[in-house]
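Colleague: Sequence below, structure please.
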Amino acid sequence: MKFSTTVRLSVMMFLEFFIWGAWFVTMGTYLTKTLNASDFQNAEAYATQSFGAILAPFIIGLIADKFFSAQKILGVLHLVGAAALYYATTLSNFNGFYPIIFIYMVVYMPTLALVNSVSFKQMTNPSKQFPPIRVLGTLGWIVAGLTIGWLGWEKSGTLVLTFKMAAVASLILGLFSFTLPDTPPAKKGQKTSFREIMGLDSIGMLKNPSYLVFFLGSIAICVPLAFYYNFTNPFLNEIGMQGAAAKQSFGQISELVFMAIMPFFFVRLGVKKMLAFGMLAWALRYVFFAYGNIGSNYWMLILGIVMHGICYDFFFVTGQIYTDNLAGEKFKSAAQGFITLATYGVGMLIGSYISGPIVDSYKTSATSHDWQHIWLIPAAIAVAVLVMFLLFFRDKNKVEDKPGLNLDEPQADVRVEV
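Modeller: Numbering: from 1, shown residues only. Below you'll find the predicted structure:
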(Lines give C-alpha, C1' and ligand atoms only; values in the text may rest on other atoms or scores of the structure.)
Protein backbone atom coordinates (compact mmCIF):
# COMPACT_ATOMS: atom_id res chain seq x y z
CA MET A 1 0.00 0.00 0.00
CA LYS A 2 1.35 3.41 -0.97
CA PHE A 3 2.52 5.72 1.83
CA SER A 4 0.14 8.46 0.60
CA THR A 5 -2.77 6.02 0.86
CA THR A 6 -1.75 5.07 4.40
CA VAL A 7 -1.68 8.74 5.38
CA ARG A 8 -5.11 9.41 3.89
CA LEU A 9 -6.65 6.40 5.58
CA SER A 10 -5.07 7.41 8.90
CA VAL A 11 -6.48 10.94 8.64
CA MET A 12 -9.88 9.47 7.80
CA MET A 13 -9.81 7.19 10.84
CA PHE A 14 -8.59 9.96 13.16
CA LEU A 15 -11.39 12.31 12.11
CA GLU A 16 -14.03 9.54 12.22
CA PHE A 17 -13.54 8.95 15.93
CA PHE A 18 -12.57 12.52 16.82
CA ILE A 19 -16.05 13.52 15.66
CA TRP A 20 -17.74 10.93 17.88
CA GLY A 21 -15.58 11.61 20.94
CA ALA A 22 -16.01 15.38 20.56
CA TRP A 23 -19.66 15.42 21.65
CA PHE A 24 -20.71 11.93 22.78
CA VAL A 25 -18.84 11.81 26.10
CA THR A 26 -20.14 15.14 27.41
CA MET A 27 -23.63 15.11 25.87
CA GLY A 28 -25.23 14.00 29.16
CA THR A 29 -23.74 16.98 31.00
CA TYR A 30 -24.80 19.32 28.19
CA LEU A 31 -28.37 18.02 28.21
CA THR A 32 -28.84 18.26 31.97
CA LYS A 33 -27.10 21.60 32.52
CA THR A 34 -27.89 23.48 29.31
CA LEU A 35 -31.17 22.00 28.07
CA ASN A 36 -32.49 21.06 31.54
CA ALA A 37 -33.19 17.50 30.40
CA SER A 38 -34.16 14.77 32.84
CA ASP A 39 -32.05 11.68 33.39
CA PHE A 40 -34.57 9.64 31.41
CA GLN A 41 -34.30 12.10 28.50
CA ASN A 42 -30.52 11.87 28.75
CA ALA A 43 -30.77 8.09 28.38
CA GLU A 44 -33.18 8.53 25.46
CA ALA A 45 -30.61 10.68 23.67
CA TYR A 46 -27.90 8.06 24.15
CA ALA A 47 -30.28 5.35 22.96
CA THR A 48 -30.15 6.95 19.50
CA GLN A 49 -26.76 5.24 19.13
CA SER A 50 -28.51 1.88 19.40
CA PHE A 51 -31.19 2.82 16.89
CA GLY A 52 -28.43 3.94 14.54
CA ALA A 53 -26.62 0.61 15.02
CA ILE A 54 -29.82 -1.32 14.26
CA LEU A 55 -30.56 0.69 11.11
CA ALA A 56 -26.95 0.86 9.87
CA PRO A 57 -26.99 -2.59 8.19
CA PHE A 58 -29.85 -1.47 5.94
CA ILE A 59 -27.90 1.56 4.74
CA ILE A 60 -24.78 -0.54 4.16
CA GLY A 61 -26.55 -3.60 2.73
CA LEU A 62 -29.11 -1.83 0.55
CA ILE A 63 -27.10 1.19 -0.64
CA ALA A 64 -23.34 1.03 -0.05
CA ASP A 65 -22.88 -2.60 -1.07
CA LYS A 66 -24.99 -2.33 -4.23
CA PHE A 67 -25.14 1.13 -5.79
CA PHE A 68 -22.50 3.68 -4.80
CA SER A 69 -18.81 3.76 -3.93
CA ALA A 70 -18.20 3.59 -0.18
CA GLN A 71 -16.07 6.75 -0.02
CA LYS A 72 -18.81 8.80 -1.73
CA ILE A 73 -21.50 7.59 0.67
CA LEU A 74 -19.09 8.29 3.54
CA GLY A 75 -18.68 11.85 2.29
CA VAL A 76 -22.41 12.49 1.88
CA LEU A 77 -23.26 11.05 5.31
CA HIS A 78 -20.65 13.20 7.04
CA LEU A 79 -21.81 16.34 5.25
CA VAL A 80 -25.39 15.65 6.35
CA GLY A 81 -24.04 14.91 9.82
CA ALA A 82 -22.16 18.21 9.94
CA ALA A 83 -25.36 20.12 9.15
CA ALA A 84 -27.31 18.15 11.79
CA LEU A 85 -24.71 18.71 14.52
CA TYR A 86 -24.50 22.42 13.82
CA TYR A 87 -28.28 22.79 13.73
CA ALA A 88 -28.47 21.01 17.10
CA THR A 89 -26.49 23.89 18.64
CA THR A 90 -29.30 26.31 17.80
CA LEU A 91 -31.93 24.37 19.76
CA SER A 92 -32.82 25.37 23.31
CA ASN A 93 -34.87 22.42 24.55
CA PHE A 94 -34.70 18.64 24.54
CA ASN A 95 -37.84 18.15 22.45
CA GLY A 96 -36.18 19.96 19.57
CA PHE A 97 -32.76 18.41 20.16
CA TYR A 98 -33.83 14.76 20.30
CA PRO A 99 -35.07 14.24 16.69
CA ILE A 100 -31.95 15.96 15.34
CA ILE A 101 -29.53 13.79 17.31
CA PHE A 102 -31.62 10.76 16.29
CA ILE A 103 -31.19 11.68 12.61
CA TYR A 104 -27.49 12.30 13.21
CA MET A 105 -26.87 8.86 14.73
CA VAL A 106 -28.76 7.17 11.90
CA VAL A 107 -26.36 8.77 9.40
CA TYR A 108 -23.24 8.43 11.57
CA MET A 109 -23.36 4.78 12.66
CA PRO A 110 -23.09 3.40 9.09
CA THR A 111 -19.87 5.39 8.65
CA LEU A 112 -18.16 3.14 11.21
CA ALA A 113 -18.47 0.24 8.77
CA LEU A 114 -17.72 2.41 5.74
CA VAL A 115 -14.32 3.59 7.01
CA ASN A 116 -13.39 -0.06 7.54
CA SER A 117 -14.57 -0.95 4.03
CA VAL A 118 -12.55 1.85 2.46
CA SER A 119 -9.49 0.79 4.47
CA PHE A 120 -9.67 -2.96 3.77
CA LYS A 121 -10.16 -2.40 0.04
CA GLN A 122 -6.76 -0.74 -0.26
CA MET A 123 -4.84 -3.29 1.81
CA THR A 124 -2.84 -6.29 0.65
CA ASN A 125 -2.38 -7.63 4.21
CA PRO A 126 -5.15 -6.26 6.47
CA SER A 127 -4.02 -8.18 9.56
CA LYS A 128 -0.78 -6.17 9.57
CA GLN A 129 -1.85 -2.95 7.86
CA PHE A 130 -5.21 -2.25 9.53
CA PRO A 131 -4.28 -2.08 13.27
CA PRO A 132 -1.83 0.87 12.92
CA ILE A 133 -4.48 2.78 10.99
CA ARG A 134 -7.34 1.84 13.34
CA VAL A 135 -5.34 2.99 16.35
CA LEU A 136 -5.51 6.52 14.89
CA GLY A 137 -9.25 6.36 15.55
CA THR A 138 -8.70 5.76 19.26
CA LEU A 139 -6.14 8.58 19.22
CA GLY A 140 -8.76 10.85 17.65
CA TRP A 141 -11.20 10.09 20.49
CA ILE A 142 -8.44 10.80 23.06
CA VAL A 143 -7.50 14.12 21.44
CA ALA A 144 -11.16 15.19 21.43
CA GLY A 145 -11.46 14.57 25.17
CA LEU A 146 -8.17 16.28 25.95
CA THR A 147 -9.19 19.28 23.85
CA ILE A 148 -12.46 19.69 25.77
CA GLY A 149 -10.56 19.52 29.06
CA TRP A 150 -7.82 21.89 27.92
CA LEU A 151 -10.33 24.49 26.73
CA GLY A 152 -12.37 24.13 29.95
CA TRP A 153 -15.76 23.88 28.24
CA GLU A 154 -17.27 21.79 31.04
CA LYS A 155 -16.25 24.25 33.74
CA SER A 156 -17.39 27.29 31.75
CA GLY A 157 -20.73 25.73 30.78
CA THR A 158 -20.03 26.09 27.05
CA LEU A 159 -20.37 22.45 25.99
CA VAL A 160 -22.44 23.60 23.03
CA LEU A 161 -19.04 24.23 21.45
CA THR A 162 -18.36 20.49 21.43
CA PHE A 163 -21.12 20.04 18.86
CA LYS A 164 -19.74 22.90 16.78
CA MET A 165 -16.26 21.38 16.94
CA ALA A 166 -17.66 18.01 15.86
CA ALA A 167 -19.65 19.68 13.07
CA VAL A 168 -16.51 21.34 11.67
CA ALA A 169 -14.60 18.05 11.83
CA SER A 170 -17.51 16.27 10.14
CA LEU A 171 -17.53 18.89 7.36
CA ILE A 172 -13.79 18.40 6.85
CA LEU A 173 -14.11 14.61 6.74
CA GLY A 174 -17.12 14.85 4.45
CA LEU A 175 -15.15 16.83 1.89
CA PHE A 176 -11.98 14.82 2.47
CA SER A 177 -13.85 11.55 1.82
CA PHE A 178 -14.25 12.40 -1.86
CA THR A 179 -10.44 12.35 -2.20
CA LEU A 180 -10.12 8.84 -0.74
CA PRO A 181 -9.28 5.86 -2.98
CA ASP A 182 -12.23 4.49 -4.91
CA THR A 183 -14.13 1.69 -3.16
CA PRO A 184 -16.81 0.47 -5.60
CA PRO A 185 -19.89 -1.41 -4.37
CA ALA A 186 -19.00 -5.00 -3.53
CA LYS A 187 -22.35 -6.56 -4.48
CA LYS A 188 -23.43 -4.46 -7.44
CA GLY A 189 -26.22 -6.18 -9.35
CA GLN A 190 -26.62 -8.91 -6.72
CA LYS A 191 -29.76 -9.62 -4.75
CA THR A 192 -29.39 -9.20 -1.00
CA SER A 193 -31.74 -10.91 1.45
CA PHE A 194 -32.87 -9.56 4.80
CA ARG A 195 -30.95 -12.39 6.50
CA GLU A 196 -27.71 -11.32 4.83
CA ILE A 197 -28.20 -7.64 5.66
CA MET A 198 -28.80 -8.30 9.37
CA GLY A 199 -26.14 -11.00 9.66
CA LEU A 200 -28.78 -13.61 10.50
CA ASP A 201 -27.05 -16.24 8.37
CA SER A 202 -24.87 -16.87 11.41
CA ILE A 203 -27.79 -17.43 13.79
CA GLY A 204 -27.14 -21.17 13.68
CA MET A 205 -24.17 -20.54 16.00
CA LEU A 206 -26.68 -20.11 18.82
CA LYS A 207 -27.27 -23.87 18.69
CA ASN A 208 -23.93 -24.15 20.48
CA PRO A 209 -25.03 -23.95 24.18
CA SER A 210 -21.90 -22.13 25.33
CA TYR A 211 -22.03 -19.62 22.48
CA LEU A 212 -25.67 -18.98 23.37
CA VAL A 213 -24.54 -18.23 26.95
CA PHE A 214 -21.86 -15.89 25.60
CA PHE A 215 -24.35 -14.22 23.23
CA LEU A 216 -26.94 -13.58 25.95
CA GLY A 217 -24.20 -12.49 28.34
CA SER A 218 -22.94 -10.00 25.75
CA ILE A 219 -26.38 -8.41 25.52
CA ALA A 220 -26.80 -8.39 29.31
CA ILE A 221 -23.37 -6.85 30.02
CA CYS A 222 -24.33 -3.93 27.77
CA VAL A 223 -26.87 -2.86 30.40
CA PRO A 224 -24.14 -1.74 32.85
CA LEU A 225 -22.15 -0.48 29.84
CA ALA A 226 -25.01 1.94 29.12
CA PHE A 227 -24.71 3.35 32.65
CA TYR A 228 -21.06 4.15 31.92
CA TYR A 229 -21.60 5.83 28.57
CA ASN A 230 -24.72 7.73 29.60
CA PHE A 231 -23.90 8.99 33.06
CA THR A 232 -20.17 8.95 33.84
CA ASN A 233 -19.53 12.48 32.62
CA PRO A 234 -22.56 14.01 34.41
CA PHE A 235 -21.50 12.10 37.56
CA LEU A 236 -17.90 13.32 37.47
CA ASN A 237 -18.94 16.90 36.81
CA GLU A 238 -21.59 16.80 39.52
CA ILE A 239 -19.13 15.70 42.21
CA GLY A 240 -16.67 18.36 41.13
CA MET A 241 -13.97 16.67 39.06
CA GLN A 242 -12.03 19.23 37.04
CA GLY A 243 -11.58 18.43 33.33
CA ALA A 244 -13.74 15.30 33.53
CA ALA A 245 -13.81 14.72 29.75
CA ALA A 246 -10.01 14.88 29.56
CA LYS A 247 -9.65 12.41 32.42
CA GLN A 248 -12.18 10.09 30.77
CA SER A 249 -9.80 9.87 27.82
CA PHE A 250 -7.52 7.87 30.16
CA GLY A 251 -9.96 5.04 29.44
CA GLN A 252 -9.04 5.05 25.75
CA ILE A 253 -5.33 5.26 26.59
CA SER A 254 -5.84 2.22 28.82
CA GLU A 255 -7.59 0.47 25.93
CA LEU A 256 -4.49 0.91 23.78
CA VAL A 257 -2.19 -0.39 26.52
CA PHE A 258 -4.26 -3.48 27.27
CA MET A 259 -4.67 -4.20 23.56
CA ALA A 260 -0.88 -4.29 23.26
CA ILE A 261 -0.40 -6.70 26.19
CA MET A 262 -3.53 -8.74 25.50
CA PRO A 263 -1.65 -11.64 23.82
CA PHE A 264 0.26 -12.25 27.06
CA PHE A 265 -2.98 -12.74 29.00
CA PHE A 266 -4.81 -14.47 26.17
CA VAL A 267 -2.34 -17.32 25.86
CA ARG A 268 -2.12 -17.86 29.62
CA LEU A 269 -5.75 -17.45 30.62
CA GLY A 270 -7.78 -18.71 27.66
CA VAL A 271 -11.07 -17.33 26.41
CA LYS A 272 -13.35 -18.25 29.32
CA LYS A 273 -11.14 -16.60 31.94
CA MET A 274 -10.55 -13.57 29.71
CA LEU A 275 -14.29 -13.04 29.32
CA ALA A 276 -14.83 -13.58 33.05
CA PHE A 277 -12.13 -11.06 34.02
CA GLY A 278 -13.70 -8.56 31.62
CA MET A 279 -17.09 -8.89 33.32
CA LEU A 280 -15.52 -8.76 36.78
CA ALA A 281 -13.80 -5.52 35.76
CA TRP A 282 -17.19 -3.99 34.98
CA ALA A 283 -18.39 -4.77 38.50
CA LEU A 284 -15.23 -3.43 40.15
CA ARG A 285 -15.34 -0.26 38.07
CA TYR A 286 -18.78 0.64 39.38
CA VAL A 287 -17.80 -0.19 42.97
CA PHE A 288 -14.92 2.28 42.59
CA PHE A 289 -17.34 4.88 41.24
CA ALA A 290 -19.76 4.21 44.10
CA TYR A 291 -17.18 4.81 46.83
CA GLY A 292 -14.88 7.24 45.04
CA ASN A 293 -14.83 10.99 45.65
CA ILE A 294 -12.70 14.02 44.83
CA GLY A 295 -11.07 13.82 48.26
CA SER A 296 -9.26 10.87 49.82
CA ASN A 297 -10.80 8.34 47.42
CA TYR A 298 -10.02 10.27 44.24
CA TRP A 299 -7.83 7.36 43.15
CA MET A 300 -10.94 5.18 42.93
CA LEU A 301 -12.47 7.46 40.30
CA ILE A 302 -9.29 7.45 38.21
CA LEU A 303 -8.87 3.69 38.56
CA GLY A 304 -12.52 3.17 37.56
CA ILE A 305 -11.86 5.14 34.37
CA VAL A 306 -8.54 3.42 33.62
CA MET A 307 -10.19 0.00 33.96
CA HIS A 308 -11.93 0.67 30.64
CA GLY A 309 -9.06 -1.14 28.92
CA ILE A 310 -9.79 -4.37 30.78
CA CYS A 311 -13.56 -3.94 30.51
CA TYR A 312 -13.52 -3.45 26.75
CA ASP A 313 -10.55 -5.50 25.54
CA PHE A 314 -10.96 -8.54 27.76
CA PHE A 315 -14.67 -8.92 27.04
CA PHE A 316 -15.51 -7.39 23.67
CA VAL A 317 -12.27 -8.05 21.77
CA THR A 318 -11.99 -11.56 23.20
CA GLY A 319 -15.63 -12.10 22.28
CA GLN A 320 -14.88 -11.06 18.70
CA ILE A 321 -12.06 -13.60 18.56
CA TYR A 322 -14.29 -16.33 20.01
CA THR A 323 -17.06 -15.50 17.52
CA ASP A 324 -14.61 -15.42 14.61
CA ASN A 325 -13.28 -18.89 15.44
CA LEU A 326 -16.67 -20.53 15.83
CA ALA A 327 -18.22 -18.90 12.77
CA GLY A 328 -16.11 -20.60 10.10
CA GLU A 329 -15.00 -18.98 6.84
CA LYS A 330 -18.49 -18.76 5.34
CA PHE A 331 -20.11 -16.77 8.15
CA LYS A 332 -17.24 -14.72 9.63
CA SER A 333 -18.52 -11.31 8.47
CA ALA A 334 -22.14 -12.15 9.17
CA ALA A 335 -21.29 -13.36 12.68
CA GLN A 336 -19.39 -10.17 13.57
CA GLY A 337 -22.26 -8.06 12.23
CA PHE A 338 -24.77 -10.11 14.19
CA ILE A 339 -22.94 -9.81 17.53
CA THR A 340 -22.43 -6.07 16.99
CA LEU A 341 -26.13 -5.63 16.26
CA ALA A 342 -26.98 -7.59 19.41
CA THR A 343 -24.64 -5.64 21.71
CA TYR A 344 -24.50 -2.04 20.51
CA GLY A 345 -28.00 -2.32 19.07
CA VAL A 346 -30.25 -4.41 21.31
CA GLY A 347 -28.11 -4.56 24.47
CA MET A 348 -27.27 -0.88 24.66
CA LEU A 349 -30.85 0.05 23.78
CA ILE A 350 -32.16 -1.98 26.72
CA GLY A 351 -29.44 -0.51 28.95
CA SER A 352 -30.31 3.05 28.01
CA TYR A 353 -33.99 2.65 28.83
CA ILE A 354 -33.16 0.90 32.12
CA SER A 355 -30.47 3.33 33.28
CA GLY A 356 -32.46 6.54 32.75
CA PRO A 357 -35.35 5.80 35.14
CA ILE A 358 -32.96 4.35 37.74
CA VAL A 359 -30.77 7.45 37.81
CA ASP A 360 -33.89 9.65 37.85
CA SER A 361 -35.27 7.76 40.86
CA TYR A 362 -32.14 8.51 42.93
CA LYS A 363 -32.27 12.28 42.50
CA THR A 364 -31.80 14.02 45.83
CA SER A 365 -32.34 17.54 44.47
CA ALA A 366 -32.64 19.34 41.15
CA THR A 367 -28.87 19.13 40.64
CA SER A 368 -27.65 16.14 42.68
CA HIS A 369 -28.04 12.36 42.96
CA ASP A 370 -27.32 9.51 45.34
CA TRP A 371 -24.55 8.20 43.09
CA GLN A 372 -23.38 5.51 45.50
CA HIS A 373 -26.65 3.61 45.24
CA ILE A 374 -26.86 4.31 41.49
CA TRP A 375 -23.45 2.79 40.69
CA LEU A 376 -24.00 -0.26 42.88
CA ILE A 377 -26.92 -1.27 40.63
CA PRO A 378 -24.86 -1.81 37.40
CA ALA A 379 -22.19 -3.41 39.61
CA ALA A 380 -24.76 -5.94 40.82
CA ILE A 381 -25.97 -6.55 37.25
CA ALA A 382 -22.40 -7.22 36.10
CA VAL A 383 -21.85 -9.67 38.98
CA ALA A 384 -25.10 -11.49 38.13
CA VAL A 385 -24.04 -11.82 34.47
CA LEU A 386 -20.61 -13.05 35.57
CA VAL A 387 -22.08 -15.74 37.85
CA MET A 388 -24.44 -17.01 35.14
CA PHE A 389 -21.58 -17.05 32.65
CA LEU A 390 -19.29 -19.05 34.95
CA LEU A 391 -22.05 -21.55 35.71
CA PHE A 392 -23.21 -22.26 32.16
CA PHE A 393 -20.30 -21.50 29.80
CA ARG A 394 -18.59 -24.87 29.28
CA ASP A 395 -17.19 -24.66 25.75
CA LYS A 396 -14.27 -27.06 25.23
CA ASN A 397 -13.39 -26.02 21.68
CA LYS A 398 -9.94 -24.87 20.71
CA VAL A 399 -9.80 -21.15 19.97
CA GLU A 400 -7.14 -19.42 17.94
CA ASP A 401 -5.55 -16.08 18.66
CA LYS A 402 -6.28 -13.80 15.68
CA PRO A 403 -3.56 -11.35 14.58
CA GLY A 404 -6.05 -9.23 12.64
CA LEU A 405 -7.46 -7.95 15.94
CA ASN A 406 -4.22 -6.18 16.82
CA LEU A 407 -2.68 -9.11 18.68
CA ASP A 408 1.08 -9.51 18.55
CA GLU A 409 2.19 -11.42 15.47
CA PRO A 410 4.36 -14.04 17.27
CA GLN A 411 1.21 -15.38 18.99
CA ALA A 412 -0.89 -15.57 15.86
CA ASP A 413 -0.78 -19.34 15.48
CA VAL A 414 -1.04 -20.28 19.15
CA ARG A 415 -4.06 -22.41 20.00
CA VAL A 416 -5.65 -21.85 23.38
CA GLU A 417 -7.92 -24.00 25.53
CA VAL A 418 -11.21 -22.32 26.44
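Colleague: Centre-most residue in this structure?
Modeller: Nearest to the geometric centre of the chain sits residue 344, at 7.3 Å (Cα atoms, centre = their mean).
Colleague: That residue is in contact with residue 47, isn't it?
Modeller: No - the pair residue 344 / residue 47 is not scored as a contact, 11.2 Å apart, by Cβ atoms under 8 Å. (Each C-beta comes from the backbone N, C-alpha and C, glycine too.)
Colleague: related to what we said a few turns ago, distance check, the residue nearest to the residue nearest to the centre of the chain when sequence neighbours are not counted against residue 237.
Modeller: Take residue 344 and drop its neighbours on the chain: the residue closest to it by Cβ to Cβ, 6 or more residues apart in numbering is residue 53, 4.4 Å away. Per Cβ to Cβ, to the nearest Å, residue 53 is found 27 Å from residue 237.
Colleague: higher neighbour count, those two?
Modeller: The neighbour count for residue 53 versus residue 237, taken as other Cβ atoms under 10 Å, is higher for residue 53 (24 against 21).
Colleague: Stretch 362-369 spans what distance, first to last residue?
Modeller: Terminal residues of stretch 362-369 lie 6 Å apart, using Cα to Cα, to the nearest Å.
Colleague: So for that stretch, what gets flagged as buried?
Modeller: Buried positions in stretch 362-369, judged by neighbour count with 16 or more other Cβ atoms under 10 Å: 362, 369.
Colleague: quick one, helices of the stretch 51-200 of the chain?
Modeller: All helices of the stretch 51-200 of the chain, identified by DSSP state H, counting those that start in this stretch, fall at 70-88, 94-122, 126-151, 153-156, 160-177, 194-198.
Colleague: Tell me which of those helices lies nearest to residue 311.
Modeller: With Cβ to Cβ as the measure, helix 126-151 is the member of the helices of the stretch 51-200 of the chain nearest residue 311 (14.7 Å).
Colleague: and the closest one, what does it pack onto?
Modeller: When contacts are defined as 3 or more Cβ pairs under 8 Å, 6 or more residues apart in numbering; DSSP states H and E, helix 126-151 sits against helix 3-23, helix 94-122, helix 160-177, helix 244-248, helix 250-291.
Colleague: right, so those: which one is the most enclosed?
Modeller: Comparing the helices and strands packed on helix 126-151 by mean neighbour count (mean count of other Cβ atoms under 10 Å), helix 244-248 ranks first with a mean of 24.
Colleague: what does it contact?
Modeller: Under the contact criterion Cβ atoms under 8 Å, 6 or more residues apart in numbering, helix 244-248 has outside partners 25-26, 29, 145-146, 148-150, 153-154, 232-233, 236-237, 241, 302, 305.
Colleague: Filter those down to the buried ones.
Modeller: Neighbour counting over the contacts of helix 244-248 (16+ other Cβ under 10 Å) leaves 25-26, 29, 145-146, 148-149, 153-154, 232-233, 236-237, 241, 305 as the buried ones.
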